[in-house]
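> Sequence first, then the predicted structure, then my questions.
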Amino acid sequence: MPTPTIAFLTYDWSFGVKPLQPNGCGWYRCYLPMKQLKEHGWESGIGLPGFSEEHAFGILLPEEKAIHGWDIVVLKLIMLERFVDHVKRAKELGQKIVVDIDDHMEGLEETNLAYKTTSPESNPNNNRDHYVAIMDQADALITSTPFLHDFYKAKYPEKPIFIVRNGIDLERWNMRKDHKGWLPTFGWVGATPWRSGDLETLNPFFGEFLKQKHLKFHHAGNVINAPQASDQIGIDKKLCTFEPMKTMLGVPELYRKMDVGIVPLRNVPFNHAKSYLKGLENAAAGIPFIASGGLPEYQLFADSGVGRIANTPDEWIGHMTELLNPKTRLEERIKNREIISEQFSMKQRGYDWDEVCRKILAL
C-alpha cells in the first residue's frame, strides 16, 4: 500500500525571520500536526501554497517551483479569491482539500484587528467571504473545538467535519522556577489588538488587588503602538513590566517572568469557539493560571484538573489570594504539567490527526 501524503499550506509565517517560522496558527495547526503525522507513517510537509493547473496544490519552493503530488492538502487561513477556483481544479485532479478552522471568523467583533484585516471592504482580494467560498468547495473541515464543529455542521450538514483539539509540544517547554515567595508576579501573554474587551473584564478589581498586596504584573507579547494590557486592565504602570512579542520558537521565553498566569475572556460566542491554548502554554511553562468562567474549553480543562475558573470578581480575588502561597503554586504547577503530559500533548493528538486524515483519504 503506498505511503499516504499530506501537505499543510498557509501564509501564516513570520516573514523576515531566519529560519522561516510559522506563526501561532501555523505552528499549532500545521507544523506540529505535520510532524506527528510523519510519526504515523505519512509523508507530510508544510509550506507556502503553490499551484498549477496540471498538478494542483503543492508546497512552493524558490524560483516559483513547487513540490506536488499530495493526496491531501490542508489549507490554513487561506482567504485569497483565486483559491476558490484553485480548490475546484484540485478536486478535479483528485486531491482531497481540507480547511482547518481554529477561530470563529464569523464571530469577529469590530474591535478585533482581524475584523478589519479580513473584511471584504478593506481587502477585496483576500477576505472572509473568499474564506467561506473556499470552505464551500472543500471536501472536509477540521475544527479545533466542539463549538466550531457544531457551527459548521449546521452550515454544511452533508460535509464531513471533524474535531482535532490542540496539543502542545511539551518537550520544548521547561518549568519556570518560582522564587517570589508570597509576592508572585501575575502575568498575561498576548497582543491587545487581537482582543475584544477581554482584559477590561478585570478592571478595576484586579489592579486594586495587586496594589493592596504590593504585587507586580508582567505583560509579555506587547506590540509596538498598541495598548498595553495594564491600560486595559487598569493597573498602575509602576507595578508593571513589559516585553515584546516573539516568534513561536521564542514563545516559551515569554512565560519566564511570570509566577501566576491569567486568561481573561468575555463570555461571548467568539471565545466559546476558542481552545484552551493559553492555559495549555501556562501549564507547560509550569505556571498556575486562572481563566474566565463560562467558556467550554476552559471548563473542560478545569474538569481535567488543570487551571482555575473564576466567574465573578470575588472568585478571581479568591483564587489570586490562594495562589499567593508558594506551596500552593508548586503543587499546581506540578499537577498541571503532569496532566497535560498525559492528556494534552501533541503525542496524543498525533493519533487523532492520523485517524481523521485517514478517514478523509477514504472519502
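Received the coordinates, thanks.
> switch to C-alpha atoms for all contacts and neighbour counts from now on
Will do.
> Please name every helix or strand in contact with whichever strand or helix holds Glu281.
Secondary-structure assignment from DSSP states H and E places Glu281 in helix 277-284. The helices and strands touching helix 277-284, judged by 3 or more Cα pairs under 8 Å, 6 or more residues apart in numbering; DSSP states H and E, are strand 260-263, strand 289-292, helix 326-343.
> got the CA coordinates for the second one in PDB?
The C-alpha atoms that make up strand 289-292 are tabulated as PDB, following Å, rounded to 0.1, in the frame of the first residue of the first chain:
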ATOM      1  CA  PHE A 289      -3.300  30.100  36.000                       C
ATOM      2  CA  ILE A 290      -6.900  31.500  36.300                       C
ATOM      3  CA  ALA A 291      -9.300  31.600  33.400                       C
ATOM      4  CA  SER A 292     -12.700  33.300  33.000                       C
END
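> Check the average confidence over it, would you?
The average pLDDT within strand 289-292 is 98.
> which strands and helices sit next to the helix or strand just after that strand?
Downstream of strand 289-292, the first helix or strand assigned by DSSP H and E is helix 296-303. Under the contact criterion of 3+ Cα pairs under 8 Å, 6+ apart, helix 296-303 touches strand 308-310.
> Which residues belonging to the strand it packs on are considered buried?
For strand 308-310, the neighbour count (16 or more other Cα atoms under 10 Å) marks 308-310 as buried.
> Ok, stretch 137-157 next?
For stretch 137-157, by 16+ other Cα under 10 Å, it's 137-150, 152-153.
> How far does it stretch from one end to the other?
Taking Cα to Cα, to the nearest Å, the first and last residues of stretch 137-157 lie 14 Å apart.
> got a list of contacts for that stretch?
Contact with stretch 137-157 is made by 84, 87-88, 96-104, 135, 159-166, 272-275, 297, 360, as judged by Cα atoms under 8 Å, 6 or more residues apart in numbering.
> Go again with 7 Å.
Applying Cα atoms under 7 Å, 6 or more residues apart in numbering, the contact partners of stretch 137-157 are 87-88, 96-102, 104, 159-166, 272-273, 275.
> and it, average pLDDT?
Mean per-residue pLDDT for stretch 137-157: 98.
> and it, how far from the chain's centre?
For stretch 137-157, the separation from the chain centroid amounts to 17 Å (computed by Cα atoms, centre = their mean, to the nearest Å).
> And stretch 15-35, by the same measure?
Relative to its chain's centre, stretch 15-35 lies at 12 Å (Cα atoms, centre = their mean).
> quick one: buried residues of it?
Across stretch 15-35, burial judged by 16+ other Cα under 10 Å covers 21-35.
> With stretch 62-82 instead?
For stretch 62-82, burial by neighbour count (16+ other Cα under 10 Å) applies to 66-81.
> Dump the buried residues of strand 308-310 to CSV, plus pLDDT.
Shown next, in CSV, are those (pLDDT from 0 to 100):
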residue, pLDDT
Arg308, 98
Ile309, 98
Ala310, 98
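> out of those residues, who's nearest Gln348?
Closest approach to Gln348 among the buried residues of strand 308-310 (Cα to Cα): Arg308, at 23.2 Å.
> show me the contacts for the closest one.
289-291, 302.
> next one: Leu323
Contacts of Leu323 (Cα under 7 Å, 6+ apart): Arg329.
> The one 3 residues further on too?
With contacts defined as Cα under 7 Å, 6+ apart, the neighbours of Pro326 are 181-182.
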